[in-house]
Every structure is written in structure tokens, then in C-alpha cells.
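J.: below are the sequence and a predicted model for it; my questions follow.
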Amino acid sequence: RAPKMATPKDSFEVGLPAPPKAEPPGLRRLAAPVEREWKVDARSDWSAPKDNGWVLSHDAIRADLEDTMQAVTRMATAKSIEEWELRYLKRWWARVAQYILHHHEHEEDLFFPKVKERVEIITTISADHSALGARLDALDAQIKAASDQGAIAALKGDLRSFRELVEPHLLEEEEDTLPKLMQAFERDEIRPVEQEMMKSFTWADFPHMLRRLGPSIEAKRALAVDRMGMPEPVFKKKGEDLARYEYEYASIIDSLLDPSKKPEIDQIRANYELEHPDMSPRLVESAPQQGGSWLSRVMPCFQAQPRRKKGGESAHGVFI
């Protein structure tokens, strides 16, 4: 068990030990969103397109594919890889694939029917979803089956092809469907759709959407509260999920991107466990636990039971 480390104070209280203002040593993010210039004649109650939740979801997907591609490229070209790298890649991809799948489902089931009440959507967008879904399934199966460095090397081309299909699709939605939505509807008319969508969110979806901002709670608050208009009490309730996401998912992709930083990242994860003694399951592989590491116990489905509140109530929604 790693020794307990002091936790820096932060000006924004979220009910958990505050993260450092600067990124912890060893952690890396694809922080910069895609730069664009929109010419949207939106109604006055809409925020800027770059702060739109739809665009932020797209930027998360872009960052996911960029980081996954970099991790796979590094693994494929390294002299050798360790067993933990295969496990980490599979767990990380499970999170990415589910996020992409849910994003497309929300568009087809909730957003597009609403938009079509007043405007026409390019027919190829929905057709793209079907094609991308099939490619996502194939890629998902390939990653789950990967058992050595040769399989990772073979994965590079398919991952690149998938990314080359996804990115133009995201841009087309932003240049066609989003402007139509913002021109045809008042902001409040779309809120019920968003609320319905959020009912199906897992605990990790909101933190995942903001992951490119790194571990800073202040940066995420500035975006969610100040720019997107999320009520501050709602954001504060998300504080535990934001910290938990850094522990369960961000640390995995950071380790994959730069394995030399894994000991430092494991120290950060061990410190999180010490701050949360009731946390179950645990992720730090060096920590004493029964039946091997948590990641190895949940292979290959990457599912586990959520923590429980007193009385048996789930502390979160669906656990990824």
C-alpha cells in the first residue's frame, strides 16, 4: 500500500478531497478541442456552439479516438508490451465504445425526432450511424480478442479507418444539424429532450464528456456552470463522479500513453483509495486484495457491482 499523500486544497468544494490545481505528475490529456468557426444564426438563449453539449460530446469522441490511436501505435511499435497494457486497453476501449454507442442512440432516439418536427436532416447522417455501428462492433470484438503485440499491430489500420469515418460524420452534424436545431428551437424547448437523455446516463458519461479538460475541478466547473448554464448544486453533486472517473478511467489511458509514468499514476490511485477506505472495487494493482487485481477479476466483461449506500441503495447508476 502506498503511503498517504497530502491533498491540496481547492477553492471549489465538491464534497471530496480536492484535486490539484495543476495536473498531477504523469497525467496527460489531449486538452485542445477542435478549433472551428461557426456562422450560426441561433436564437439568443443558446450558448456559443463550442459550449454546446452536443459539440462537447463530439470533442470527447475525437479525443478518445486520438488517444486510443496513440496508445495502440505505441504498443504496436514498442520492443515488447506487458500483460497489464492489454488489460488496460480493453478496459479503456470498453468505456470509449459504450460512450460512442450511447451518443448515437441518443441522437437517433431523442434528438433527431425532435429536430425533424421543424427541419429536415441530411439522410446520410442516420445511414452513417448504421455503418459506424457495424464497424464499432467489429472493432470492439477485435480489441477484446487481442492477446499479444501482433494483434495490437493488426488493430492499427482498422482503428485508423474507423476514426476516418467518424470524424467527417461528427463535423457534418455540427455544420448541418446543430445550426438547424439552434435556429428552429428555443433553448427551453430542447431541455426536456436533454433531461430524457440524461436518464440513461451512466455515472461516467458526464465526466467522460469533460475528460479533455484534465483533472481540474475548476476548469470543469467554469465550462459546465459558467458557460453551459448547469446549476451549481447539480454540478456539486457530480463532484464524486468526476473524481472517481479520474481514478477508474483517466488513469488507465494516461498509463497507456506513457508507461514510464505508471508508478506515479499508481501512487495517485493508491492515495485516492486511502481517501476512500470504503471504496469497492479497488484498482491499484499493488494494493493487497483478494483474488488478484480488480482489473483481472472483472475480465473480460469489465463489469462490477457499484458501491452501496446504507440500506442497499446504489451510490451511482449503471456501473460501466
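T.: Noted; the coordinates are in hand. Numbers count the residues shown, from 1 in each chain.
J.: alpha carbons only for contacts and neighbour counts from here, please
T.: OK.
J.: what about the helices in the stretch 151-300 of the chain?
T.: Secondary structure of the stretch 151-300 of the chain (DSSP state H, counting those that start in this stretch): helices located at 178-184, 187-198, 205-209, 217-221, 232-237, 239-245, 251-257, 262-275, 294-298.
J.: distance to residue 135 and mean pLDDT added to the ones you listed, as a markdown table?
T.: Formatted as a markdown table, the helices of the stretch 151-300 of the chain follow (distance: least, C-alpha to C-alpha, whole Å; pLDDT from 0 to 100):
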| stretch | distance to residue 135 | mean pLDDT |
| --- | --- | --- |
| helix 178-184 | 25 | 87 |
| helix 187-198 | 24 | 86 |
| helix 205-209 | 22 | 93 |
| helix 217-221 | 32 | 92 |
| helix 232-237 | 35 | 91 |
| helix 239-245 | 27 | 89 |
| helix 251-257 | 22 | 95 |
| helix 262-275 | 31 | 88 |
| helix 294-298 | 25 | 27 |
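J.: need the ones you listed in JSON lines with mean neighbour count and distance to residue 154, can you?
T.: Converted to JSON lines, those look like this (neighbours: other C-alpha atoms under 10 Å; distance: least, C-alpha to C-alpha, whole Å):
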{"stretch": "helix 178-184", "mean neighbour count": "19", "distance to residue 154": "36"}
{"stretch": "helix 187-198", "mean neighbour count": "13", "distance to residue 154": "36"}
{"stretch": "helix 205-209", "mean neighbour count": "21", "distance to residue 154": "27"}
{"stretch": "helix 217-221", "mean neighbour count": "18", "distance to residue 154": "37"}
{"stretch": "helix 232-237", "mean neighbour count": "13", "distance to residue 154": "42"}
{"stretch": "helix 239-245", "mean neighbour count": "20", "distance to residue 154": "30"}
{"stretch": "helix 251-257", "mean neighbour count": "23", "distance to residue 154": "18"}
{"stretch": "helix 262-275", "mean neighbour count": "19", "distance to residue 154": "25"}
{"stretch": "helix 294-298", "mean neighbour count": "17", "distance to residue 154": "24"}
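J.: and the ones you listed as a markdown table, adding distance to residue 95?
T.: Listed next are the helices of the stretch 151-300 of the chain as a markdown table, based on distance: least, C-alpha to C-alpha, whole Å:
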| stretch | distance to residue 95 |
| --- | --- |
| helix 178-184 | 25 |
| helix 187-198 | 17 |
| helix 205-209 | 9 |
| helix 217-221 | 20 |
| helix 232-237 | 22 |
| helix 239-245 | 11 |
| helix 251-257 | 11 |
| helix 262-275 | 18 |
| helix 294-298 | 14 |
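J.: of those, which approaches residue 56 most closely?
T.: Closest to residue 56 of those is helix 205-209 (C-alpha to C-alpha; 6.3 Å).
J.: put the alpha carbons of the closest one into PDB.
T.: Provided in PDB are the C-alpha atoms of helix 205-209 (Å, rounded to 0.1, in the frame of the first residue of the first chain):
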ATOM      1  CA  ASP A 205     -20.800   9.700 -19.000                       C
ATOM      2  CA  PHE A 206     -20.700  13.300 -17.700                       C
ATOM      3  CA  PRO A 207     -17.100  13.100 -16.500                       C
ATOM      4  CA  HIS A 208     -16.100  11.400 -19.800                       C
ATOM      5  CA  MET A 209     -17.600  14.300 -21.800                       C
END
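J.: what helices or strands is it leaning on?
T.: Using 3 or more C-alpha pairs under 8 Å, 6 or more residues apart in numbering; DSSP states H and E, the elements in contact with helix 205-209 are helix 53-77, helix 239-245.
J.: among those, which comes closest to residue 219?
T.: helix 239-245 (11.8 Å).
J.: other SSEs contacting the closest one?
T.: helix 205-209.
J.: for residue 117, helix, strand, or coil?
T.: Here residue 117 is coil, with the state taken from DSSP: H, G, I helix; E, B strand; the rest coil.
J.: burial count for it?
T.: For residue 117, the neighbour count with other C-alpha atoms under 10 Å is 9.
J.: check what pLDDT it gets.
T.: Note on residue 117: pLDDT of 93.
J.: look up phi and psi at it.
T.: Per-residue torsions, residue 117: phi -60, psi -30 (degrees, to the nearest 10).
J.: closest to residue 78 out of the helices of the stretch 151-300 of the chain?
T.: helix 251-257 (11.8 Å).
J.: so which elements touch that closest one?
T.: helix 53-77, helix 83-106, helix 262-275.
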